[in-house]
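> sequence and predicted model, in that order:
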Amino acid sequence: MNKVFLKIFFSFCLLQHLLSAQEITKAGTTMGTFLKIGIGGRAAGMGEAFVATANDVTALYWNPAGISWLSGSRAYFSQTDWLGDLSHSFSAVSLDFKDNGTVAGYIILLRAPDQEVTTVESPNGTGQMYSYQDLAIGVTYSRKISVDFSVGVSAKYITSTLYKLAAQVIAFDVGTMYLIPNTSLRLAMNLQNFGGKMQYTGDNLERPIDIDPTTTGETDRVTAFLKTEQWDIPLSFKVGLANDFQITDDMRLTIAVDAINPNDNRENINVGGEIGFQEYIFLRGGFKSINVDQGEGGLSLGGGITIPISEFHVNADYGYTDWGRFNSIHRFGIGIQF
């Protein structure tokens, strides 16, 4: 069984290498791309190589199968100042029902500051304001099928609003995690954002038209609505491999690699690592989006600390990601186990 899973993983990596020769990447051909923004300072610090690690509440994003391995109930919140003055936040809670599995819920929100409406006639602004935001609300169920294998499923409602326009869709994540017996090696897979297409609709698309300019009468009072294009959401299939190495009694090293096959870019790889000192202090590093054509940056660094407070454990994590010609991204997250 171990050899079978390893063959699957390395076969996928080989396929990814062969497909990377394709020149057409489909970059910029999906809607709801906020779903591609990685969650949590810990995963960010590890270069987003987190599918097979996924052992905190952010597993709700990276691999829903991971939350079945969490003991106790937990909550998590992160806040990020994203590119272009955007604000990205994530809130989640997971409830452990022991042998009955784990249930969780989460919210992802990406917002832009309100901006003034401009037109051809009023290029300096009309005095009206408009807003833009993307929102995903998800629920997750995960359960161990055996002592070595778990599965998880997430269903999420996704909506995007721009001024008077809105688009909605339902999507699903399906993940698995396999702990190879007698080792600390983990193999995981995640199908992310499997769903329909998004299409903007709303009052802003209303237009008066004259359906027959050659005649007079009431034909110039017909109201029509512009039909916008339908767009796929960013579907991806990820395979992850991670292993823990016990360097000393007090120090652990985790090495992780993810192979990613998205529908809107080239196949790519994330690699990362984490050093834990007595499981209280952590240092992390990694590199993301290896093989993405004309990608910006990719180097990631980070750290974290776990603070026991009475019956609670509080985790604080920070992740830094280099975005090349854009501003670097700093991600912060707070987790609580209760």
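Ah, there it is. This structure is a prediction, so every number in the text was calculated from the model and none was measured.
> so residue 106, which of the three states?
strand (DSSP: H, G, I helix; E, B strand; the rest coil).
> so what pLDDT did it get?
With respect to pLDDT, residue 106 scores 97.
> just checking, it touches residue 59?
No - using CB atoms under 8 Å, residue 106 is not in contact with residue 59, being 10.4 Å away. Heads up, the C-betas are built off the backbone N, CA and C, glycines and all.
> so, low pLDDT: which residues of the stretch 101-250 of the chain?
216-220 (pLDDT under 70).
> off-centre distance for stretch 296-314?
18 Å (CA atoms, centre = their mean, to the nearest Å).
> need the contact partners of that stretch.
41-42, 44-48, 272, 279-290, 315-326, 328, 331, 334-338 (CB atoms under 8 Å, 6 or more residues apart in numbering).
> just the buried ones from those?
41-42, 44-48, 272, 282, 284-289, 315, 317-322, 331, 335-337 (16 or more other CB atoms under 10 Å).
> narrow the contacts of stretch 296-314 to those in helices?
Among the contacts of stretch 296-314, the members found in helices (DSSP state H) are 41, 42, 44, 45.
> about what we covered before: between residue 106 and residue 59, who's got more neighbours?
Each of residue 106 and residue 59 has its neighbours counted (other CB atoms under 10 Å); residue 59 has more, 34 against 22.
> roughly how far does the more buried one sit from residue 337?
14 Å (CB to CB, to the nearest Å).
> now do residue 250
For residue 250 relative to residue 337 (CB to CB), the value is 21 Å.
> go on, residue 180?
For residue 180 relative to residue 337 (CB to CB), the value is 26 Å.
> over to residue 251?
22 Å.
> what does residue 183 give?
Residue 183 is 26 Å from residue 337, by CB to CB.
> likewise for residue 195?
Taken as CB to CB, the span from residue 195 to residue 337 is 31 Å.
> ditto for residue 184
From residue 184 to residue 337 the distance is 22 Å (CB to CB).
> OK, contacts around the nearest residue to residue 235 once chain neighbours are set aside?
Nearest non-adjacent residue to residue 235, counting by CB to CB, 6 or more residues apart in numbering: residue 263, 4.5 Å away. The contact partners of residue 263, by CB under 8 Å, 6+ apart, come to 26, 30, 232, 234, 235, 236.
> from these, pick the one nearest residue 222.
For those, the residue nearest residue 222 by CB to CB is residue 232; the value is 32.6 Å.
> just give the number of residues close to the nearest residue to the closest one once chain neighbours are set aside.
Excluding the flanking residues, the one nearest residue 232 by CB to CB, 6+ apart is residue 30, at 5.1 Å. Residues lying near residue 30 (other CB under 10 Å) number 21.
> wait, a helix at residue 84?
Yes - per three-state DSSP, residue 84 lies within a helix segment.
> hmm, residue 111 and it touching each other?
No - in this structure residue 84 lies outside contact range of residue 111 using CB under 8 Å: 11.4 Å.
> the two - which one has more neighbours?
Per other CB under 10 Å, whichever of residue 84 and residue 111 has more neighbours is residue 111, with 17 against 9.
> can you classify the more buried one by secondary structure?
strand.
> spatially nearest residue to it, not counting backbone neighbours?
Excluding its sequence neighbours, the residue lying closest to residue 111 (CB to CB, 6+ apart) is residue 133, at 4.5 Å.
> is it fair to say that neighbour lies in a strand?
Yes - judged by three-state DSSP, residue 133 forms part of a strand.
> now for it: which residues touch it?
109, 110, 111, 112, 160, 161.
> same question, residue 130
Applying CB under 8 Å, 6+ apart to residue 130 gives the contacts 114, 115, 116, 117, 162, 163.
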